[in-house]
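> sequence and predicted structure, then a few things I'm wondering about:
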Amino acid sequence: MFMSDIYSVIAYIARYWFVALVLVIIWRALYWLRRDARRVSRALRRYPDAGYIGEWAVIDVETAQPTGEVLAAPRDGWLGSARGCDVCLPHADMPAHAARFFLRADGLHLVPRRSGVLMVDGEPVRREAVLRHGATVSCGRAALQLRLFAGVVLSGEKPGRKPRPDPEPVLPDLPPEVAEAEEEGAEAGDAPAQQETPSSLPVPSMTVSSKKIRRKTREPQTPNA
């Protein structure tokens with residue numbers, strides 16, 4: 001009788017204990033989600049380009065020059081004129097959902113929804129096109145140019161790559177006197193004289209050897225009578 005009462009009490013407490021434990025877990029999960037959302041919002045305010053690989057520059061088709069309007073370029077999403085698209089260009093010639101894009105090691109892959117609607121660098125896209133830095137996507141009179149950030153390194157590229165040096169380096173201009181002397185020497189067929197660099201310093205003529213100095217110090221000095 002006594003053991004059964006203890007068991008019933010423990011079962012009664014455990015039932016409410018597990019309910020309280022489930023509520024605590026749910027509360028902690030909601031707290032962590034809210035904290036992470038705040039961190040993400042603060043990071044986006046501090047770094048507005050976080051999570052993007054570059055930008056899309058709107059191009060004027062008539063002048064083939066950027067209009068100054070820039071759209072953020074995420075890693076993947078939809079391109080079109082609908083508000084729900086990740087890259088939204090509200091233009092009459094741009095379809096609502098023109099193409100889907102995603103980043104891979106070789107570039108930004110563009111898969112159009114309809115074949116032949118989009119043009120990449122003047123060529124119609126049938127199934128899929130791979131875009132790299134500077135590629136232009138157009139549809140009628142709507143055009144965008146892809147500009148990737150320097151940190152996005154694709155296959156075949158080197159991070160921080162510098163331009164190749166000129167095979168013929170440009171030297172500074174020589175003074176007029178030196179230039180005239182070199183021209184006269186070239187006409188005479190003589191190479192310009194180079195100043196020899198001696199291996200040791202020349203000994204001055206008035207220098208006294210150390211042996212003579214020692215002899216003078218050893219000679220006794222006799223007082224004058």
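That came through fine. Fair warning: this is a prediction, and the values are worked out from it, not measured in the lab.
> so in the chain, which helix runs the longest?
Counting by DSSP state H, the longest helix found in the chain is helix 2-46.
> so where's this protein uncertain?
For the chain, residues meeting the criterion pLDDT under 70 lie at 1-3, 48-50, 160-225.
> in this protein, what residue spans correspond to strands?
Using DSSP state E, the strands assigned to the chain run over residues 52-60, 65-74, 76-80, 87-88, 99-104, 107-112, 119-120, 123-124, 129-131, 136-139, 142-148.
> export these to CSV and tack on mean neighbour count and distance to Ala20?
For the C-beta atoms, the positions are set from N, CA and C on the backbone; glycine is no exception. Below are the strands of the chain laid out as CSV (neighbours: other CB atoms under 10 Å; distance: least, CB to CB, whole Å):
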stretch, mean neighbour count, distance to Ala20
strand 52-60, 17, 44
strand 65-74, 14, 43
strand 76-80, 19, 43
strand 87-88, 18, 48
strand 99-104, 18, 45
strand 107-112, 20, 51
strand 119-120, 18, 60
strand 123-124, 10, 64
strand 129-131, 18, 55
strand 136-139, 21, 57
strand 142-148, 21, 53
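> now those as CSV including distance to Arg39?
Below are the strands of the chain laid out as CSV (distance: least, CB to CB, whole Å):
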stretch, distance to Arg39
strand 52-60, 18
strand 65-74, 20
strand 76-80, 23
strand 87-88, 26
strand 99-104, 24
strand 107-112, 28
strand 119-120, 38
strand 123-124, 44
strand 129-131, 32
strand 136-139, 34
strand 142-148, 27
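> what helices and strands are in contact with the longest helix of the chain?
Under the contact definition 3 or more CB pairs under 8 Å, 6 or more residues apart in numbering; DSSP states H and E, helix 2-46 sits against no other helix or strand.
> mind giving me the domain ranges of this protein?
Segmentation of the chain into domains, based on automatic domain parsing, reads 1-48, 52-148.
> out of those domains, nearest to Lys158?
With respect to Lys158, and counting by CB to CB, the nearest of these is domain 52-148 at 13.5 Å.
> list the residues that contact Glu123.
Residues counted as contacts of Glu123 (CB atoms under 8 Å, 6 or more residues apart in numbering) are Ala129.
> next: Cys85.
77-79, 96-97.
> out of these, which is nearest to Met119?
For the contacts of Cys85, the nearest to Met119 is Leu79 (13.0 Å; CB to CB).
> from Cys85, how far off is that closest one?
Going from Leu79 to Cys85 by CB to CB, to the nearest Å gives 6 Å.
> same check, this time on Pro112
For Pro112, the distance to Cys85 - CB to CB - is 13 Å.
> same question for Arg104.
20 Å.
> for Glu123, same thing?
Applying CB to CB, the value for Glu123 to Cys85 is 23 Å.
> same thing with Arg147?
Using CB to CB, one gets 19 Å for the distance from Arg147 to Cys85.
> one more: Tyr47?
Taking CB to CB, one finds Tyr47 at 23 Å from Cys85.
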